[in-house]
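1. Need a 3D model of the following:
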Amino acid sequence: MARTIIHATMTLDGYIAESDGGVDWMFGRPSAPEDDAVVQKVIARIGAVVGGANATQTIEDGEIPYGGMLKVPVFLMTRTEHAPIERDGITYTFVVDDIAQAVAAAERAAGEGWVSLLGGSIARQCLRLGLVDELHLDVAPVLLGEGIPLFAGLGRRIELERLETSAYASETHLRYRVLR
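-> As a prediction, the model looks like this:
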């Protein structure tokens, strides 16, 4: 059975991107093989992705989940119907206004793999609906002061159980189970 996770790199003050969507702060930091191994372990288990579609419902180079490293089905939330798009061996399916339907479809596509939820809004919606099994957070040692938050505005308390913690050269890696 698929497991649905929030997998995100975030700043210590809780942001996943700058206010304009920029993520330059993620790159150019010292790294250790152990940091890469933690992230690769998660990526190897991902069998599908759920994220948000852009306004034009196209797939731009900077919007490809995991930089195109994963060749798994991607389900994108949208407000209007759109035919699936195939690009570089990845099928992008657009789901209109029903995040639970998108997650269910992604779980079917992932099989025994994991469904990765991308983006703050998607993550918060799925947490509110009880659709998230685990959080996998890679915390970078930087404070942006403002930007796009991962959890701000969640609007409810959610208890977590710590499963794993590690820290190496560039990030602190946190893994939590969502308690129901």
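
2. separation between the spatially most central residue of the chain and A8?
-> Nearest to the geometric centre of the chain sits L118, at 2.8 Å (C-alpha atoms, centre = their mean). Distance, L118 to A8, using C-beta to C-beta, to the nearest Å: 8 Å. For glycine as for every other residue, the C-beta is placed from the backbone atoms N, C-alpha and C.

3. now I59
-> 20 Å.

4. Just list the residues touching the residue nearest to the centre of the chain, thanks.
-> Residues near L118 by C-beta atoms under 8 Å, 6 or more residues apart in numbering: H7, A8, V49, V50, G51, G52, P65.

5. Verify the stated contact: V74 with I46.
-> No. Using C-beta atoms under 8 Å, V74 and I46 do not qualify as a contacting pair, with a distance of 10.5 Å.

6. In terms of neighbours, single out the busier of these two.
-> V74 (27 against 21; other C-beta atoms under 10 Å).

7. By mean pLDDT, point me to the weakest helix or strand of this protein.
-> strand 85-87 (a mean of 88; mean pLDDT, DSSP states H and E).

8. pLDDT wise, what is the closest residue to R124 other than its chain neighbours at?
-> Excluding its sequence neighbours, the residue lying closest to R124 (C-beta to C-beta, 6 or more residues apart in numbering) is L154, at 5.1 Å. At L154, the pLDDT value in this model is 93.

9. My understanding was that L154 contacts Q125; is that so?
-> No. Using C-beta under 8 Å as the test, L154 is too far from Q125 to be in contact (9.7 Å).

10. more crowded one of the two?
-> Legend: neighbour count by other C-beta under 10 Å for L154 and Q125, higher for Q125 (21 against 15).

11. list the contacts for the more buried one?
-> Contacts of Q125 (C-beta under 8 Å, 6+ apart): I99.

12. Now it: phi and psi?
-> phi -60, psi -50 (degrees, to the nearest 10).

13. so how far is F75 from it?
-> In terms of C-beta to C-beta, Q125 sits 13 Å off from F75.

14. again, but for L150
-> Counting by C-beta to C-beta, the gap from L150 to F75 is 20 Å.

15. helix or strand right after the least confident helix or strand of the chain?
-> strand 90-96 (DSSP states H and E).

16. and that following strand, what other elements does it pack with?
-> Contact here means 3 or more C-beta pairs under 8 Å, 6 or more residues apart in numbering; DSSP states H and E; on that basis strand 90-96 packs against strand 74-78, strand 85-87, helix 99-110.

17. Which among these is found nearest to L163?
-> Of all these, helix 99-110 sits nearest to L163, with 19.5 Å by C-beta to C-beta.
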